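Participant: Sequence first, predicted model second:
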Amino acid sequence: MIKDIIQKAEEKMKKTISVLKSDLSTMRAGRANPTMLDRIHIDYYGSQCPLNQVANISAPEPRVLVISPWERSLIKEIEKAILISDLGINPSNDGSVIRLVVPELTEETRKNLVKNVKKTGEEAKVALRSIRREANDKIKVLKKDGEITEDELKNSEEKVQKIIDSFVKEVDTIILAKEKEIMSI
């Protein structure tokens, strides 16, 4: 019973880490990266589709992304979606492909990006703490119902704390790596 609770909490924490990594991969760091466009969805025959499902995205140069839509009729729709996104990049098209030139990051932009990275990391830590609280509450219910002893309660809470400590360290490591990536020129 306790094992299941701790295992589920650990799985949720792993998902939190993967969501954090995914969110950070979409933040631009001065280099062109196709994952920057993962959050962009376009209207494709009445339904919202991720950009990478209706076009080929490549980075032929360090600061250039090329989007090749599978249907030429989508070019205007893709441009519109990029313009209303939070990327801050103006697309240019030649009738068959769209080019995005990722501008050099200014010092101020880098600092703002680092703030966003730290904020995202803090949100991940809050999610981890919430998972810990949920697991501990479930364990306390077992104690209250007389299914486990006081010692088992304490041991279980310590296990959950050790697990969350390792995940918080992982979050810190990921955030630090992203900060270095953003601040390096």
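Facilitator: Good, I have the coordinates.
Participant: what about the most far-flung residue of the chain relative to its centre, distance to residue 159?
Facilitator: The C-alpha centroid of the chain is most remote from residue 146, which lies 40.8 Å away (Cα atoms, centre = their mean). Using Cβ to Cβ, to the nearest Å, residue 146 is found at 21 Å from residue 159. C-beta here means a position set from N, CA and C on the backbone, and glycine is covered the same way.
Participant: need the contact list for the most centrally placed residue in the chain.
Facilitator: Central residue of the chain (Cα atoms, centre = their mean): residue 23, 1.6 Å from the mean position. Contact partners of residue 23, counting by Cβ atoms under 8 Å, 6 or more residues apart in numbering, are residue 120.
Participant: Average pLDDT for the helix or strand where it lies, rounded please.
Facilitator: Assessed by DSSP states H and E, residue 23 sits inside helix 2-25. What helix 2-25 shows for mean pLDDT is 90.
Participant: could you measure residue 121 against residue 168, distance?
Facilitator: 10 Å.
Participant: which of these two has more neighbours?
Facilitator: More crowded of residue 121 and residue 168, by other Cβ atoms under 10 Å: residue 121, with 21 against 17.
Participant: so the more buried one touches residue 173, yeah?
Facilitator: No. Using Cβ atoms under 8 Å, residue 121 makes no contact with residue 173, being 10.1 Å away.
Participant: Can you dump the C-alpha atoms of the helix holding residue 23 in PDB for me?
Facilitator: In PDB, the C-alpha atoms belonging to helix 2-25 read as follows (Å, rounded to 0.1, in the frame of the first residue of the first chain):
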ATOM      1  CA  ILE A   2       2.700   2.500   1.000                       C
ATOM      2  CA  LYS A   3       4.900   1.300  -1.800                       C
ATOM      3  CA  ASP A   4       2.100   2.100  -4.300                       C
ATOM      4  CA  ILE A   5       1.700   5.600  -2.900                       C
ATOM      5  CA  ILE A   6       5.400   6.300  -3.100                       C
ATOM      6  CA  GLN A   7       5.700   4.800  -6.500                       C
ATOM      7  CA  LYS A   8       2.900   6.900  -7.900                       C
ATOM      8  CA  ALA A   9       4.300  10.000  -6.400                       C
ATOM      9  CA  GLU A  10       7.700   9.300  -8.000                       C
ATOM     10  CA  GLU A  11       6.100   8.700 -11.400                       C
ATOM     11  CA  LYS A  12       4.300  12.100 -11.100                       C
ATOM     12  CA  MET A  13       7.600  13.700 -10.200                       C
ATOM     13  CA  LYS A  14       9.200  12.200 -13.200                       C
ATOM     14  CA  LYS A  15       6.400  13.600 -15.400                       C
ATOM     15  CA  THR A  16       6.900  17.000 -13.800                       C
ATOM     16  CA  ILE A  17      10.600  16.900 -14.800                       C
ATOM     17  CA  SER A  18       9.800  15.900 -18.400                       C
ATOM     18  CA  VAL A  19       7.300  18.800 -18.600                       C
ATOM     19  CA  LEU A  20       9.900  21.200 -17.300                       C
ATOM     20  CA  LYS A  21      12.500  19.900 -19.900                       C
ATOM     21  CA  SER A  22       9.800  20.300 -22.600                       C
ATOM     22  CA  ASP A  23       8.900  23.800 -21.600                       C
ATOM     23  CA  LEU A  24      12.500  24.900 -21.500                       C
ATOM     24  CA  SER A  25      13.300  23.400 -24.900                       C
END
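Participant: Thanks a lot, catch you later.
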